[in-house]
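Asker: based on what follows, work out the 3D shape:
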Amino acid sequence: MESSINVHRILFRHISRYPWRITAAVLLGAGTMAAGIGLLASSGYLISAAALRPPILD
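Answerer: Numbers count the residues shown, from 1 in each chain. From the prediction side, this is the model:
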């Protein structure tokens, strides 16, 4: 139990020492996740739209 308290203290010191780095890392991570979701949605739309078109080489 005491080791987890020490870990929390170390993390809190690091976060309070470098707040802009932590903020930038969180924002970049959120942006990466949003870009991944956007790419997944657009690829799903393009694949389903292409499936509804008639074949080109008949």
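
Asker: quick one: Arg53 from Arg21, how far?
Answerer: Computed with CB to CB, to the nearest Å, the distance linking Arg53 and Arg21 is 48 Å. From N, CA and C alone the C-beta is placed, and that goes for glycine too.

Asker: what values do phi and psi take at Arg53?
Answerer: Dihedral angles phi and psi of Arg53 (degrees, to the nearest 10) take the values phi -80, psi 150.

Asker: cool, and Ile56?
Answerer: phi -80, psi -40.

Asker: what is the neighbour count of Leu27?
Answerer: Other residues within reach of Leu27, judged by other CB atoms under 10 Å, total 10.

Asker: helix or strand: which one has it?
Answerer: Following DSSP states H and E, the helix or strand that holds Leu27 is helix 19-52.

Asker: so which bits of that helix are buried?
Answerer: With burial defined by 16 or more other CB atoms under 10 Å, not one residue of helix 19-52 is counted as buried.

Asker: which other helices and strands contact the one helix or strand in the chain whose mean pLDDT sits lowest?
Answerer: When the helices and strands of the chain are compared on mean pLDDT, DSSP states H and E, helix 2-17 comes out lowest with a mean of 83. For helix 2-17, the contact count by 3 or more CB pairs under 8 Å, 6 or more residues apart in numbering; DSSP states H and E identifies no helix or strand as a packing neighbour.

Asker: so how far is it from its chain's centroid?
Answerer: Remark: helix 2-17 is offset 25 Å from the chain centroid, using CA atoms, centre = their mean, to the nearest Å.

Asker: between it and helix 19-52, how big is the angle?
Answerer: Comparing the axes of helix 2-17 and helix 19-52 via axes from the mean of the first three to the mean of the last three CA atoms, to 10 degrees yields an angle of 90 degrees.
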